[in-house]
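J.: Attaching a predicted model along with its sequence, questions to come.
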Amino acid sequence: MTEPVSAALPQTKSQPAVGGPWLTEARALIALAAPLVLTQLAQMAIMTTDIVMLGRLDKTALASAAIGNTLYYLAWLIGCGPAAAVAPMIAHIAGERGLDRAKVRRSVRMGLWATAITCVPMALMLLEARPILIFLHQDPHLAAGAGVFVGWLSPGLFFALGYQVLRNFATTLGHPRAALWVMAATIGYNALADYALIFGHFGLPRLGLAGSGIATTSSAVFSFAAMLAVIALNPSLAAYRLWRRIWRPAKARLAEAFRLGMPIGITMTFEVMLFNAGTLLMGTFGAAPLAAHQIALNFASITFMVPLGVAMAATVRVGLAAGQGDLAAARRAGFTAMIVAAGCVSLAGLVMVSLGRQIATLYLGGHTGADLAVVALAVTFLKIGAGFQLVDALQVVGGLSLRGLKDARMPMILAGAAYWLIGAPACVLLALVVGWKGVGVWLGLAIGLAAAAAMMIARFERLTRPPGPG
């Protein structure tokens with residue numbers, strides 16, 4: 001069964017261009033991006049709740065969670081590739097003459113299948129977090145705490161990724177607020193679970209790091225179940241009957257989920273693992289630099305949610321235009337998103353420079369000499385982070401605009417080159433050879449992001465360039 005595209009998404013060319021096509025595109029992009037940005041911020045609020053509560057437990061717990069998360073997010077990113085592939089797959093279907101519900105259903109179903117398949121080896125890896133971190137020369141005491149923390153995160157991996165599949169389904173079909181309401185509810189659930197299980201309130205035992213892991217896993221299950229309920233209660237989404245023939249394979253869609261998803265997952269992994277490698281390198285300088293790094297990186301990640309939400313909207317807008325065969329509209333959608341994202345992060349950078357000390361003190365409850373040393377380092381890192389906000393925004397919008405074109409393999413290669421042939425050596429050179437330690441790590445990260453931004457934008461420009469005369 002098919003339905004008109006307008007039932008799912010705003011058209012790219014059926015409406016008159018009031019104010020010109022670029023302003024029309026900007027309005028459509030912002031309308032889609034706004035709830036996506038809020039949803040991303042809500043997801044970061046959950047992570048920030050964990051970090052703040054662990055910071056108030058003690059800085060050793062915070063540092064253990066920081067290095068433990070390097071492994072967890074490696075697993076999450078690899079598994080997230082097939083989940084992310086669902087958005088461009090559905091967007092291209094929506095750009096065709098009629099929105100085929102059966103094709104959409106098969107895309108979602110195979111997205112869940114591919115996610116489940118990738119979760120199995122990733123969850124097994126997480127159970128070996130302690131020996132892996134010790135092999136990577138992390139402090140044995142911190143590695144032991146991280147092993148406990150990550151061990152409790154592993155059962156929730158599929159539910160965290162399954163939520164992303166369902167979220168991309170709802171968002172691409174024009175219902176981005178569905179995921180926003182789910183994340184808003186999950187914030188409250190996670191905060192209560194953290195408070196109860198980390199510190200031992202409401203008659204529950206005081207579990208510390210283990211309690212944080214249990215709270216995060218149960219929050220993943222909660223968000224997945226809540227997303228299923230929201231879809232079932234929304235007539236437009238329930239009409240797709242996602243669970244119909246859930247066990248029946250759709251080989252072409254499964255292959256596409258892996259063909260697009262694995263390069264997408266690896267591309268995201270290249271970037272995030274550069275940051276995680278920076279975290280591990282920072283861990284060799286001691287607990288205080290590592291805690292300061294985690295504070296600054298967490299806040300920078302919060303501000304990054306704005307351009308990331310814009311970039312996710314760009315995937316849908318570019319994908320819809322590409323499905324319609326309108327290359328000019330796809331080009332306009334991508335470059336509009338870059339302009340919007342750049343404007344947003346410029347404001348975020350000003351906040352990081354001017355309010356660095358106030359930001360850092362939010363994460364630490366005490367005023368001891370050790371806490372003040374962490375705050376001072378975090379302020380320095382935030383100032384550097386403000387400088388790479390712009391290139392970070394441009395690289396993510398460029399990369400996700402390419403995703404909307406179903407261009408996944410070459411962005412993966414470009415990301416590998418930018419982050420690991422340019423960014424990682426810069427981190428090592430500046431931190432260890434030059435001797436700038438944490439400052440060198442952050443400057444190296446900025447260099448890698450700038451290289452990625454230049455490469456992604458250049459490729460998008462080339463792929464969407466109008467054909468020459470003749």
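T.: In hand now; what should we look at?
J.: Mind giving me the packing neighbours of the helix or strand hosting residue 378?
T.: Per DSSP states H and E, residue 378 falls inside helix 369-404. Packed against helix 369-404, as judged by 3 or more C-beta pairs under 8 Å, 6 or more residues apart in numbering; DSSP states H and E, are the following elements: helix 59-95, helix 251-283, helix 287-323, helix 327-354, helix 356-361, helix 409-416, helix 437-463. Backbone N, C-alpha and C define where each C-beta goes, glycine included.
J.: Could you rerun that using 7 Å?
T.: Other elements packing on helix 369-404 under the criterion 3 or more C-beta pairs under 7 Å, 6 or more residues apart in numbering; DSSP states H and E are helix 59-95, helix 287-323, helix 327-354, helix 356-361, helix 437-463.
J.: average pLDDT for that helix?
T.: The pLDDT scores in helix 369-404 average 88.
J.: which residue packs closest to residue 42, ignoring adjacent ones?
T.: Spatially, and ignoring its direct neighbours in sequence, residue 42 is nearest to residue 183 (3.5 Å; C-beta to C-beta, 6 or more residues apart in numbering).
J.: Out of the helices and strands packed on helix 369-404, which is closest to residue 242?
T.: helix 59-95 (11.3 Å; C-beta to C-beta).
J.: got the angle between that closest one and helix 287-323?
T.: 0 degrees (axes from the mean of the first three to the mean of the last three C-alpha atoms, to 10 degrees).
J.: Show the average pLDDT along helix 59-95.
T.: Helix 59-95 comes out at a mean pLDDT of 86.
J.: helices or strands up against the following helix or strand past it?
T.: Next helix or strand after helix 59-95 toward the C-terminus (DSSP H and E): strand 99-100. For strand 99-100, the contact count by 3+ C-beta pairs under 7 Å, 6+ apart identifies strand 2-3 as packing neighbours.
J.: list the contacts for the residue nearest to residue 42?
T.: With C-beta atoms under 7 Å, 6 or more residues apart in numbering as the criterion, the residues that contact residue 183 are 39, 42, 43, 223.
J.: Can I get the helix or strand harbouring it in CSV? Just the C-alpha atoms.
T.: Per DSSP H and E, residue 183 falls inside helix 176-199. Once non-C-alpha atoms are left out, helix 176-199 reads as follows in CSV (Å, rounded to 0.1, in the frame of the first residue of the first chain):
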residue,chain,number,x,y,z
PRO,A,176,10.1,13.9,15.4
ARG,A,177,8.2,14.9,18.6
ALA,A,178,7.4,11.3,19.3
ALA,A,179,11.0,10.6,20.3
LEU,A,180,11.2,13.9,22.1
TRP,A,181,8.4,12.9,24.5
VAL,A,182,10.0,9.6,25.1
MET,A,183,13.4,11.2,25.9
ALA,A,184,11.7,13.7,28.2
ALA,A,185,10.2,10.9,30.2
THR,A,186,13.4,8.9,30.2
ILE,A,187,15.3,11.9,31.8
GLY,A,188,13.1,11.7,34.9
TYR,A,189,13.3,7.9,35.0
ASN,A,190,17.1,7.9,34.8
ALA,A,191,17.5,10.6,37.4
LEU,A,192,15.4,8.7,39.9
ALA,A,193,17.2,5.4,39.1
ASP,A,194,20.6,7.1,39.4
TYR,A,195,19.7,8.8,42.7
ALA,A,196,18.3,5.6,44.2
LEU,A,197,21.0,3.1,43.0
ILE,A,198,24.2,5.2,43.2
PHE,A,199,23.6,6.6,46.7
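J.: How far off centre is that helix?
T.: Centre-to-centre, helix 176-199 and its host chain are 17 Å apart (C-alpha atoms, centre = their mean, to the nearest Å).
J.: Please name every helix or strand in contact with the helix or strand following that helix.
T.: As assigned by DSSP H and E, the chain's next helix or strand after helix 176-199 is helix 209-233. Secondary-structure packing of helix 209-233 (3+ C-beta pairs under 7 Å, 6+ apart): helix 21-57, helix 59-95, helix 140-153, helix 157-172, helix 176-199, helix 235-238.
J.: Quick one, which of those gets closest to residue 271.
T.: helix 59-95 (8.7 Å).
J.: quick one, that closest one and helix 157-172 angle?
T.: Going by the same axes, to 10 degrees, helix 59-95 makes 40 degrees with helix 157-172.
J.: for the stretch 201-350 of the chain, which spans come out with low pLDDT?
T.: Along the stretch 201-350 of the chain, no part satisfies pLDDT under 70.
J.: try 90 this time
T.: 201-210, 240-252, 265, 268-269, 271-305, 323-325, 343-350 (pLDDT under 90).
J.: contacting residues around residue 244?
T.: Applying C-beta under 7 Å, 6+ apart to residue 244 gives the contacts residue 105.
J.: Under a three-state scheme, what state does it occupy?
T.: In three-state terms, and counting by DSSP: H, G, I helix; E, B strand; the rest coil, residue 244 is coil.
J.: ok, now the one 4 residues further on?
T.: Under the three-state scheme (three-state DSSP), the conformation of residue 248 reads as coil.
J.: which non-adjacent residue is nearest it?
T.: Using C-beta to C-beta, 6+ apart, the nearest residue to residue 248 is residue 109, at 7.9 Å.
J.: Count the residues that sit near that neighbour.
T.: Neighbours of residue 109 under the rule other C-beta atoms under 10 Å: 24.
J.: swap in residue 213?
T.: Residues near residue 213, counting by other C-beta under 10 Å: 26.
J.: With residue 235 instead?
T.: Count around residue 235 with other C-beta under 10 Å applied: 7.
J.: ditto for residue 62
T.: Count around residue 62 with other C-beta under 10 Å applied: 26.
J.: tell me the contacts of the nearest residue to residue 46 once chain neighbours are set aside?
T.: Of all residues not flanking residue 46 in the chain, residue 190 sits nearest, at 4.8 Å (C-beta to C-beta, 6+ apart). Going by C-beta under 7 Å, 6+ apart, residue 190 touches 46, 49, 215, 219.
J.: CSV please, covering those residues and showing distance to residue 348 and neighbour count.
T.: Output for the contacts of residue 190, formatted as CSV (distance: C-beta to C-beta, whole Å; neighbours: other C-beta atoms under 10 Å):
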residue, distance to residue 348, neighbour count
46, 20, 21
49, 20, 22
215, 28, 27
219, 26, 26
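J.: Just the closest of those to residue 174, please.
T.: For these, the closest approach to residue 174 (C-beta to C-beta) belongs to residue 46, at 25.1 Å.
J.: so that closest one sits right up against residue 186, yeah?
T.: Yes - the criterion here is C-beta atoms under 7 Å, and residue 46 meets it with residue 186 at 6.2 Å.
J.: Between those two, which contacts overlap?
T.: Residues touching both residue 46 and residue 186 by C-beta under 7 Å, 6+ apart: residue 219.
J.: So which elements touch the helix or strand encompassing residue 426?
T.: Using DSSP H and E, residue 426 sits in helix 424-428. Secondary-structure packing of helix 424-428 (3+ C-beta pairs under 7 Å, 6+ apart): helix 251-283, helix 437-463.
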